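In: Would you be able to build a 3D model of this:
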Amino acid sequence: MTTLEKARIELSSESVMHDEVIGITITGLDPWARVTLRLTTRIDAADFVSSADFHADAKGRVDLNSQAPVTGSYQGTDAMGLFWSMTAETPDKGHLAGCTRDPWELQPPQPYTLTALLGGNEIASAPLERIVVPEGVEAHRLKQGRLRGVLFLPPGDGPHPALIGVTGSGGGYPSEGAAALASRGFAVLALAYFFAPDLPEKLVNIPLEYFEEGLEWLKAVPEVDGDRIGVIGGSRGGELALVLGSVFPQFSVVVAKVPSHVVWPGCCDEEDFEKPSWTWRGKPLTAMPAPKIAYRAVNYWPEVRDDWLGLYWLGLGNVEAEAAAAIPVEKINGPVLMISGGDDRCWPASYMADLVMERLEANDFPHQHIHLRYDDSGHAAGSLPYWPTARLVNPIHPLNEEPIALGGTAESLARSSEDSWKRTLEFLGEYL
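Out: Residues are numbered from 1 along each chain as shown. Below you'll find the model as predicted:
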C-alpha cells in the first residue's frame, strides 16, 4: 500500500467551539517523511491560507500538539498555529475586529479544509469547522427610542449574568466579542453608540445617559439577572467602560481592554479632537486638551507618522490637564480587569492601565483589580483566540478606510489572545 493510500488526517473533532483546541494528527506516512500541511478558509470575502512542513516520526506520524514545524507560517510547537497564522491570499480589508456598521446576524460555523501534501501532491484532506455561535444562542435586535444594539442570549432560560459591550473608535456594533461571550453563558447587549444607522457618525458629544438607558433596558429583560451586569470595551471603549463603571454603580464588573486612565476628547481627526467625547447631564466630561503640537510634530518627528502613539504621549505631557481629566476609577462598584499590549502603537495603553492600578491602590479600592500586560502584544491585545492575527497588526480603520498601526506581531497577538480570553472568562465566571 502506498503512502497515498495509507495517509490519513485524524482530528480530535471535525466540529469544535471557536475557542477550543483542535487535535490534528497525520498517520500512515513513511518514517521521517517530510509532509506539508495546508489550511484554507474564507473570511469576509477573502481567501485565507496557512501551511507548515513537518517531519514524520519513526512510526510515520505527525502530531501538531507535540511537534514544531520545520518551516512554515508559524514557529514552535502550537496545536493551533495553522489557524492564527493564516494570511489573506486575496485582498482583505482587515477592519478593526468586532466593529460592524450594521446589526450582525448569527454567524454560521466557519468551514476549513486541511490538506496534507507530499512532494507537492495531495495525499489526504479533511474538512472541519469552528462554531462561533452554538445552537441555542439567540440574537435580538434592539431598536427602541434612540437605543440601537443587538442582544445575544445564551442557551437556557436564565436569568443569566450580563454585559454591555461597547466599541472603541471604530464605532458600530461590538458583535463578534458579544456573540463569543454569549457562547460561554453570558447575555451580552452589543450596544452601538456611533457610526451606525440612526446614530451619530462620530465619537463626539456622546451622552452617558444613552448607556444608562441601555442599562435599564437590559435589566428589564426577563432572561437577564439585573443584579449581575457588567460592561466591557476596548480602546476608546475601554476608556468608556471605566467611565461608565465610575458613574453607574449598577455595573458589577468592568473589563477594559487597552484602556485609558483619562478622558480624551472626540475622535478621530484634528477637528474632532477639539470637541468633547462624552457628556453627562448636559455638560462635557473634563477631557485632555487637544495637543495641537502633535499635528505639527509629524513634520519634525518622523516616527509618529505611522501611528498615533506620539500624539497621546505629547498630550500626557500636560500633567495638570492629566490630573483634571483622570477617570475616578475608585468609584467603580466591583472588580476591574484590564488587558494591554506593551507594544501598543495606537496609544500607551499599558502605561495608562498601570496608572489606573496605581489610583485604585492609592484609594484602597476594595474590589479585585487585575492588569494583564502582554509586553510584545499591541493594541489588539484581548482579541478572540485562534483567528488570523496578521490582519490585526495593521488593519483598516472603518471610519477613514486607512491603515492604522496597532503594534505587536502576529505571534505575540496569538499568544496574548489565547491567554487573555481564558482569563477573562475565569474573571467573569468568578465575579459576575
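In: If you count neighbours, what's buried in stretch 7-20?
Out: 7, 9, 16, 18-19 (16 or more other CB atoms under 10 Å). Every C-beta, even on glycine, is put in place using the N, C-alpha and C of the backbone.
In: distance between stretch 176-189 and the chain's centre?
Out: 13 Å (CA atoms, centre = their mean, to the nearest Å).
In: count of neighbours near residue 233?
Out: 28 (other CB atoms under 10 Å).
In: which stretch of helix or strand covers it?
Out: strand 224-234 (DSSP states H and E).
In: Flag every buried residue along that strand.
Out: Buried residues in strand 224-234 (16+ other CB under 10 Å): 224-225, 228-234.
In: Residue 53 in helix, strand or coil?
Out: strand (DSSP: H, G, I helix; E, B strand; the rest coil).
In: Would you mind splitting this structure into its domains for me?
Out: Listed by automatic domain parsing, the domain ranges of the chain are 3-131, 138-431.
In: Just name the most buried of these.
Out: Ranked by mean neighbour count under mean count of other CB atoms under 10 Å, the domains of the chain are led by domain 138-431, which reaches a mean of 20.
In: for that one, how far is the first residue from the last?
Out: 24 Å (CA to CA, to the nearest Å).
In: now it: mean pLDDT?
Out: Averaging pLDDT along domain 138-431 yields 92.
In: For residue 355, see how far away the residue nearest to residue 204 when sequence neighbours are not counted is.
Out: Using CB to CB, 6 or more residues apart in numbering and skipping residues adjacent in sequence, the residue nearest residue 204 is residue 266, 3.9 Å away. Note on residue 266: its distance to residue 355, by CB to CB, to the nearest Å, is 22 Å.
In: ok, now residue 310?
Out: 19 Å.
In: on that earlier part again, pull the distance from the strand holding residue 233 to the chain's centre.
Out: With CA atoms, centre = their mean, you get 17 Å for strand 224-234.
In: other SSEs contacting that strand?
Out: Secondary-structure packing of strand 224-234 (3 or more CB pairs under 8 Å, 6 or more residues apart in numbering; DSSP states H and E): strand 160-166, helix 208-219, helix 236-247, strand 251-257.
In: Looking at the ones you listed, which is nearest to residue 415?
Out: The closest of the helices and strands packed on strand 224-234 to residue 415 is strand 251-257. By CB to CB, the value is 15.7 Å.
In: how about that closest one as PDB, C-alpha atoms only?
Out: Extracted C-alpha coordinates of strand 251-257, given in PDB (Å, rounded to 0.1, in the frame of the first residue of the first chain):
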ATOM      1  CA  PHE A 251     -22.300  47.800  36.900                       C
ATOM      2  CA  SER A 252     -21.000  44.800  38.900                       C
ATOM      3  CA  VAL A 253     -17.700  44.400  37.000                       C
ATOM      4  CA  VAL A 254     -15.700  46.300  34.400                       C
ATOM      5  CA  VAL A 255     -13.500  44.800  31.700                       C
ATOM      6  CA  ALA A 256     -11.400  47.400  29.900                       C
ATOM      7  CA  LYS A 257      -9.100  46.300  27.100                       C
END
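In: which strands and helices sit next to it?
Out: Going by 3+ CB pairs under 8 Å, 6+ apart, strand 251-257 lies up against strand 224-234, helix 236-247, strand 336-341, helix 410-431.
In: I'd like the distance from it to the chain centre, please.
Out: Using CA atoms, centre = their mean, the offset of strand 251-257 from its chain centre is 15 Å.
In: partner strands of the next helix-or-strand element following that strand, parallel or antiparallel?
Out: Next helix or strand after strand 251-257 toward the C-terminus (DSSP H and E): strand 278-280. Strand 278-280 has these partner strands in its sheet, going by DSSP bridges: strand 206-207 (parallel), strand 283-284 (antiparallel).
In: Output these as a markdown table; include the columns distance to residue 81.
Out: Formatted as a markdown table, the strands paired with strand 278-280 follow (distance: least, CB to CB, whole Å):
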| stretch | distance to residue 81 |
| --- | --- |
| strand 206-207 | 40 |
| strand 283-284 | 47 |
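In: Nearest to residue 413 among these would be which one?
Out: Going by CB to CB, the one of the strands paired with strand 278-280 nearest residue 413 is strand 206-207, 28.6 Å.
In: can you list the residues that contact the closest one?
Out: 193-194, 200, 277-280 (CB atoms under 8 Å, 6 or more residues apart in numbering).
In: rerun that using 6 Å as the cut-off
Out: For strand 206-207, the external contacting residues (CB atoms under 6 Å, 6 or more residues apart in numbering) are 193, 278-279.
In: chain center to that strand, what's the gap?
Out: Using CA atoms, centre = their mean, the offset of strand 206-207 from its chain centre is 23 Å.
In: any idea how far residue 245 is from residue 231?
Out: 6 Å.
In: Mutual contacts of the two, please.
Out: Residues touching both residue 245 and residue 231 by CB under 6 Å, 6+ apart: 251, 254.
In: Excluding covalently adjacent residues, which one is nearest to residue 365?
Out: Closest to residue 365 by CB to CB, 6+ apart is residue 330, at 5.6 Å.
In: Report the secondary structure state of that neighbour.
Out: helix.
In: doesn't residue 363 make contact with it?
Out: Yes: assessed by CB atoms under 6 Å, residue 330 is found in contact with residue 363 at 3.7 Å.
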